[in-house]
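In: give the three-dimensional model of this entry:
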Amino acid sequence: MGKVVVGMSGGVDSSVAAWLLQQQGHDVIGVTMQIWQDEEPEQLEENGGCCGLRAVEDARKVAGKLGIPYYVMNFKKEFKEKVMDYFVEEYVCGRTPNPCIACNRFVKWEALLTRSMGLGADFIATGHYARTERLKSGRFALRVSATAAKDQTYALYSLTQEQLSRTLMPVGAYTKEEIRKLAQRLELPVAHKADSQEICFIPDHDYAGFIRRERGQVPGPGDFVDTEGNVLGRHRGIIHYTVGQRKGLNLSLGRPAFVVAIRPDTNEVVIGTGKEVFTDRLVCDKLNWMAIDGLHGQEQRVLAKIRYSHRGAFCRIRETGTGQVECRFEEPVRAVTPGQAVVFYEGDYVIGGGTIR
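Out: As a prediction, this is how the structure comes out:
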């Protein structure tokens, strides 16, 4: 047992996580991470999510109910640099970012862990649906949660060995329904609170509007082209599109049209058929190995997920250069999207992952 700093978002999962750790005998401290950039109280209240005033208020109520110390820590600078700026630059470069993965790696773990260790904490904990485990090899790995429908290992694949060694995820052994029932039995004030669904810093879902406000200068209109380079029409700007997209193209081709690629160098959005959205190959970089320490020149068969909602598809992975891995899928997969993560699984364990090139 030891001192644990629990990241409390004001939601039901992190609230029950704090209680579970109490029951295990840990010395629990609750912390909410202040990451929202707007200083206006009305805006903070309206935005809510996992970073607004409502989250702080709800987390403080839960901490009071559990009788644990509670603090708000300011991580606005880290969040702006590592998440918001990254999000904007990726879209401007024609890629589709995953801000939750960046937030987990650099803010919820790297920044929070560093500050928590400074307070004398032994561990940090969250309400994520995942499990940490030390393998016989001595390495730490993520194991999928008890509930496949809520499993969040995909968004956590980039955590380092040091971070995993100091991480507790107590709700990973439960289903969402069990966590809700525990919260109700404990009469926690957030027992019936709905889960947050949107990107917390873009609650209105207007990604392009956010990017324009943050960046000022963004790529303007350009050509829609087919895979042979023929011009099909004009697009509004590459920040409005992602691979696999069908809606909102405003193209009249007499057939279904899909975005199959984005070319920032020529400011073109490539349009193809439903069949052309599928591929049996991808290359990834920015690798992070978890259950293993690398491929060491060997080819390996794994289950790969190319987005959070993807069930996963079997493929063979091999190194193709320094810091790069090629995935060859046994059956074509839809909408492989540059900028998103591909995460590799062997059985219940995350063996690693990277960013799709």
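In: how about the strands in the stretch 201-350 of the chain?
Out: 222-226, 231-235, 258-263, 268-272, 278-289, 300-305, 313-321, 324-334, 341-346, 349-356 (DSSP state E, counting those that start in this stretch).
In: just want the angle from the last one to strand 324-334.
Out: By that I understand strand 349-356. 90 degrees (axes from the mean of the first three to the mean of the last three C-alpha atoms, to 10 degrees).
In: likewise the fourth one?
Out: In this structure, strand 268-272 runs at an angle of 50 degrees to strand 324-334, with the same axes, to 10 degrees as the basis.
In: kindly report the same for the fifth one.
Out: On the basis of the same axes, to 10 degrees, strand 278-289 is oriented at 140 degrees to strand 324-334.
In: buried set for stretch 196-212?
Out: 196, 199-203, 207-208, 210-211 (16 or more other C-beta atoms under 10 Å). Glycine gets a C-beta too; all of them are placed from N, C-alpha and C.
In: what is the helix or strand containing Ala18 packed up against?
Out: According to DSSP states H and E, Ala18 maps onto helix 12-23. If you count contacts as 3 or more C-beta pairs under 8 Å, 6 or more residues apart in numbering; DSSP states H and E, helix 12-23 packs onto strand 3-7, strand 27-34, helix 53-66, strand 123-125, helix 176-185.
In: adding distance to Ile306, write these out as TSV.
Out: Putting the helices and strands packed on helix 12-23 into TSV (distance: least, C-beta to C-beta, whole Å) gives the following:
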stretch	distance to Ile306
strand 3-7	27
strand 27-34	29
helix 53-66	31
strand 123-125	29
helix 176-185	24
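In: weakest of those in terms of mean pLDDT?
Out: Of all those, the minimum mean pLDDT falls on helix 53-66 (a mean of 91).
In: direction included, what does the helix or strand that comes right after it pair against?
Out: Sequence order places strand 70-74 as the next helix or strand after helix 53-66, per DSSP H and E. Here strand 70-74 is paired, per DSSP bridges, with strand 27-34 (parallel).
In: and the strand it pairs with, how far from the chain's centre?
Out: From the chain centre to the centre of strand 27-34 is a distance of 21 Å (C-alpha atoms, centre = their mean, to the nearest Å).
In: next, the angle from the helix holding Ala18 to helix 53-66.
Out: Using the same axes, to 10 degrees: helix 12-23 against helix 53-66 is 30 degrees.
In: what does helix 12-23 rub up against?
Out: The list of residues contacting helix 12-23 from outside it, by C-beta atoms under 8 Å, 6 or more residues apart in numbering, reads 4, 6-8, 28, 30, 59, 62-63, 66, 68, 125-129, 168-171, 179-180, 182-183, 186, 188, 190-191, 193, 195.
In: go again with 7 Å.
Out: Here helix 12-23 makes contact (C-beta atoms under 7 Å, 6 or more residues apart in numbering) with 4, 6-8, 28, 30, 62, 66, 68, 125-127, 168, 170-171, 179-180, 182-183, 186, 188, 190-191, 193.
In: likewise stretch 71-84?
Out: Against stretch 71-84 from outside (C-beta under 7 Å, 6+ apart): 31-35, 37, 56, 99, 102-103, 106-107, 111, 115, 201, 214.
In: output the buried residues of stretch 196-212 as CSV; include the columns pLDDT.
Out: As requested, these are arranged in CSV below (pLDDT from 0 to 100):
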residue, pLDDT
Ser196, 75
Ile199, 83
Cys200, 84
Phe201, 88
Ile202, 89
Pro203, 83
Tyr207, 93
Ala208, 93
Phe210, 95
Ile211, 96
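In: and these as JSON lines, adding distance to Met290?
Out: Listed next are the buried residues of stretch 196-212 as JSON lines, based on distance: C-beta to C-beta, whole Å:
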{"residue": "Ser196", "distance to Met290": "26"}
{"residue": "Ile199", "distance to Met290": "25"}
{"residue": "Cys200", "distance to Met290": "26"}
{"residue": "Phe201", "distance to Met290": "28"}
{"residue": "Ile202", "distance to Met290": "29"}
{"residue": "Pro203", "distance to Met290": "32"}
{"residue": "Tyr207", "distance to Met290": "30"}
{"residue": "Ala208", "distance to Met290": "34"}
{"residue": "Phe210", "distance to Met290": "32"}
{"residue": "Ile211", "distance to Met290": "32"}
